[in-house]
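Participant: Provided below are the primary sequence and the corresponding predicted coordinates.
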Amino acid sequence: MSTESAPEGGSSNPLPAQPEVGTLSLEGLNSTVEIPPENASFWRQYRAFVGPAFLVSVGYMDPGNWGTDLQAGASYRFDLLWIVALSSFMAIIMQVCSARLGIVTGKDLAQACRDYFPAWTRWPNWLACEIAIGACDLAEVLGSAVALNLLFHVPLFWAVLITAFDVLLILALQGFGVRFIEAVILTLVATIGGCYFVEIFVLPHTTPDFLEMGAALLTPGFRQEGMIVGAIGIIGATVMPHNLYLHSALVRTRRIGFDESAIRRAIKFNTIDTVAALSLAFFVNASILVLAATTFYGRESVALPSGEIIPFSDDADWIRVAYLTLAPLLGATSASVLFAVALLASGQSSTITGTLAGQVVMEGFMHWRMRPWVRRLITRLIAILPAVIIIGIRGSGSVTDLLVLSQVVLAMQLPLALFPLLYFTSSKKRMGQFRNGWFLLTVGWTSCLLITALDFYGLPDTMQKAWVVIVGKPGEQ
């Protein structure tokens, strides 16, 4: 069956046709979830569709986001909270477009790029995606390793190596089907959200001034020097390119159909799913910023029970500093444990979705099939090698520096995902009557251009920092 939609000169509202059998990514998971009839209750229908956006949402609360949010809160209190809200809104727009592409065309973004762009673009696009997924996995390696180090006192070097064995977890999960994977991810996401709920609303020493938070959220601006750089970091760490590929594939795990009413229903419920999931991600990111603002802002250093003085500076490894300083600052050891548990849940949940994204881009761009454990091992090795080398040479104090490396790569890959996504979803030829309307068209392209401009504006400074990570600071041996 043809993969092209009806010609523009034909029907005024053409419906894209179903793709050929065997060309879809994640083939073992596609169309495996039954959808209730249209006359079923709202909640029964929603339960059937809910899941893909929550799988994707973990990429918006991974350890890469934690570093930027912690630094922003510690440096500027609540003044960049509005940037967290803005970046979350832009992320919702992009993920809504990604879901629409998969629902309407039956293709994920990688498949669409392969089929609709010249053949010579496949290799460079695929390689760029693989490098970006490896870079994102680096952040997940570091998050999980730091959490293991903090909870169980495993040396960071060995904790990084231990994370290689989560390939066994991925292999086991995929055998249970997509609904089981979604349940595991929802549990991990709920763990992260629950940890921050306790820290913000239950522990007395971390309860913020909600009126001050509301004022900062509703009065955007850059009132201090350096806030623009902090804002670029938050936005650059928010929209993950691999999530745009993954979401467009995951929506096809539902047995949607290709008639007009089925497509409209799928778009409606996946939009609700996306808004709900990324709103939770906003809550988590905002909580991290608020926690840092409440505990770190206005302090230059803190003394640990051991007598060690931990200074707060631009060069601080904020993820490690946050854990080490929470207990003495808050007078509650439970806050430190909650933080580490949430960090571990963040790293592991992002690991699962990173593996699925890797399968999507490999199968979508190249039509290659690979056993999940082999795919996972390759991805994890790409991420572990730079972490092992740098930590082995320079010690365990470079977690934030390594996260900088991952953000450089992601910033360069992002336009390669954003522009094709909006080009396809705005095309009448590809999307028919379901192409982006004026709102998604305007907000989508504005967000795309803003994110890309800010990423590249901050790229020279970020690359300079990344070079320092690789070669070391002047005078270091």
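Facilitator: Received it, and whenever you're ready, just let me know what you need.

Participant: Could you check how far residue 76 is from residue 341?
Facilitator: Distance from residue 76 to residue 341, counting by C-beta to C-beta, to the nearest Å: 27 Å. Where C-beta positions appear, they are placed from N, C-alpha and C, glycine not excepted.

Participant: Those two: which is more packed in?
Facilitator: Set residue 76 next to residue 341 and count neighbours by other C-beta atoms under 10 Å: residue 76 wins out with 23 against 17.

Participant: do you know how far the more buried one is from residue 290?
Facilitator: Residue 76 is 12 Å from residue 290, by C-beta to C-beta.

Participant: Which strands and helices lie in contact with whichever strand or helix holds residue 244?
Facilitator: Applying DSSP states H and E as the criterion places residue 244 in helix 241-250. If contacts are counted by 3 or more C-beta pairs under 8 Å, 6 or more residues apart in numbering; DSSP states H and E, helix 241-250 sits against helix 52-57, helix 81-105, helix 109-116, helix 122-152, helix 333-366, helix 399-425.

Participant: Determine which stretch of the ones you listed is the most buried.
Facilitator: Of all the helices and strands packed on helix 241-250, helix 52-57 carries the top mean neighbour count, a mean of 28, counting by mean count of other C-beta atoms under 10 Å.

Participant: From the contact counts, what lies against the following helix or strand past that helix?
Facilitator: Following helix 52-57 in sequence order, the next helix or strand is helix 63-76 (DSSP H and E). Other elements packing on helix 63-76 under the criterion 3+ C-beta pairs under 8 Å, 6+ apart are helix 81-105, helix 122-152, helix 227-238, helix 260-296, helix 318-330, helix 333-366, helix 399-425.

Participant: still on that earlier bit, what about dumping the CA coordinates of the helix holding residue 244 to CSV?
Facilitator: C-alpha atoms of helix 241-250 as CSV (Å, rounded to 0.1, in the frame of the first residue of the first chain):
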residue,chain,number,x,y,z
PRO,A,241,15.6,15.5,20.5
HIS,A,242,15.3,11.7,21.0
ASN,A,243,11.9,12.2,22.7
LEU,A,244,10.5,13.6,19.5
TYR,A,245,11.4,10.4,17.6
LEU,A,246,10.3,8.2,20.4
HIS,A,247,6.9,9.8,21.0
SER,A,248,5.9,9.5,17.4
ALA,A,249,6.6,5.8,17.5
LEU,A,250,5.0,5.0,20.9
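
Participant: Counting neighbours, which bits of it end up buried?
Facilitator: Buried residues in helix 241-250, defined by neighbour count with 16 or more other C-beta atoms under 10 Å: 241, 242, 243, 244, 245, 246, 247, 248, 249, 250.

Participant: From residue 246, how far off is the most centrally placed residue in the chain?
Facilitator: Geometric centre of the chain, nearest residue: residue 59, 1.9 Å, by C-alpha atoms, centre = their mean. Remark: distance between residue 59 and residue 246 (C-beta to C-beta) = 8 Å.

Participant: Find the residues that touch each one of these two.
Facilitator: residue 353 (C-beta atoms under 8 Å, 6 or more residues apart in numbering).

Participant: low-confidence ranges in the stretch 151-300 of the chain?
Facilitator: Counting by pLDDT under 70, the stretch 151-300 of the chain contains low-confidence residues at 166-175, 236.

Participant: wait, what's in contact with the nearest residue to residue 249 once chain neighbours are set aside?
Facilitator: Distances taken as C-beta to C-beta, 6 or more residues apart in numbering put residue 108 closest to residue 249, at 3.7 Å, once the chain neighbours are dropped. Residue 108 makes contact with 24, 25, 101, 102, 245, 246, 248, 249, 252, 360, 364, according to C-beta under 8 Å, 6+ apart.

Participant: Name the nearest residue to the second one, ignoring sequence neighbours.
Facilitator: Right, residue 25. residue 363 (4.0 Å).

Participant: Just list the residues touching that neighbour, thanks.
Facilitator: 25, 26, 27, 110, 369.

Participant: for residue 114, same thing?
Facilitator: Per C-beta under 8 Å, 6+ apart, neighbours of residue 114: 122, 364, 365, 366, 367.

Participant: Quickly name whichever of those residues is closest to residue 48.
Facilitator: residue 364 (24.8 Å; C-beta to C-beta).

Participant: Next up, phi/psi of residue 155, please.
Facilitator: When read as degrees, to the nearest 10, the backbone of residue 155 gives phi -50, psi 140.

Participant: and if you look at residue 33?
Facilitator: phi -110, psi 120.

Participant: Residue 62 too?
Facilitator: Torsion angles at residue 62 (phi, psi; degrees, to the nearest 10) stand at phi -90, psi 170.

Participant: my guess is it contacts residue 144, does it?
Facilitator: No: assessed by C-beta atoms under 8 Å, residue 62 is found out of contact with residue 144, at 10.4 Å.

Participant: what's the overlap in contacts for the two?
Facilitator: Taking C-beta under 8 Å, 6+ apart as the contact rule, residue 62 and residue 144 both touch residue 347.

Participant: List the contacts of residue 32.
Facilitator: Contacts of residue 32 (C-beta under 8 Å, 6+ apart): 177, 178, 253, 255.

Participant: what residues are up against the second one?
Facilitator: Contact criterion C-beta under 8 Å, 6+ apart gives 29, 32, 33, 51, 250, 253 as the residues in contact with residue 178.

Participant: now it: how far from residue 253?
Facilitator: Separation of residue 178 from residue 253 (C-beta to C-beta) stands at 5 Å.

Participant: quick one: common contacting residues for the two?
Facilitator: In contact with both residue 178 and residue 253: 29, 32, 33, 51, using C-beta under 8 Å, 6+ apart.

Participant: Next, give phi and psi for the nearest residue to the third one once chain neighbours are set aside.
Facilitator: If I follow you right, that is residue 33. In this structure, residue 33 finds its nearest non-sequential neighbour in residue 254, 4.9 Å apart by C-beta to C-beta, 6+ apart. Torsion angles at residue 254 (phi, psi; degrees, to the nearest 10) stand at phi -90, psi 140.

Participant: you'd agree residue 254 is up against residue 49?
Facilitator: Yes: using C-beta under 8 Å, residue 254 is in contact with residue 49, at 6.2 Å.

Participant: which residues are common contacts for the two?
Facilitator: With C-beta under 8 Å, 6+ apart, residue 254 and residue 49 have common neighbours 35, 266.

Participant: helix, strand or coil for residue 310?
Facilitator: strand (DSSP: H, G, I helix; E, B strand; the rest coil).

Participant: if we can go back for a sec, adding distance to residue 182, write the helices and strands packed on helix 63-76 out as a markdown table.
Facilitator: Formatted as a markdown table, those follow (distance: least, C-beta to C-beta, whole Å):
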| stretch | distance to residue 182 |
| --- | --- |
| helix 81-105 | 15 |
| helix 122-152 | 18 |
| helix 227-238 | 22 |
| helix 260-296 | 11 |
| helix 318-330 | 27 |
| helix 333-366 | 10 |
| helix 399-425 | 23 |
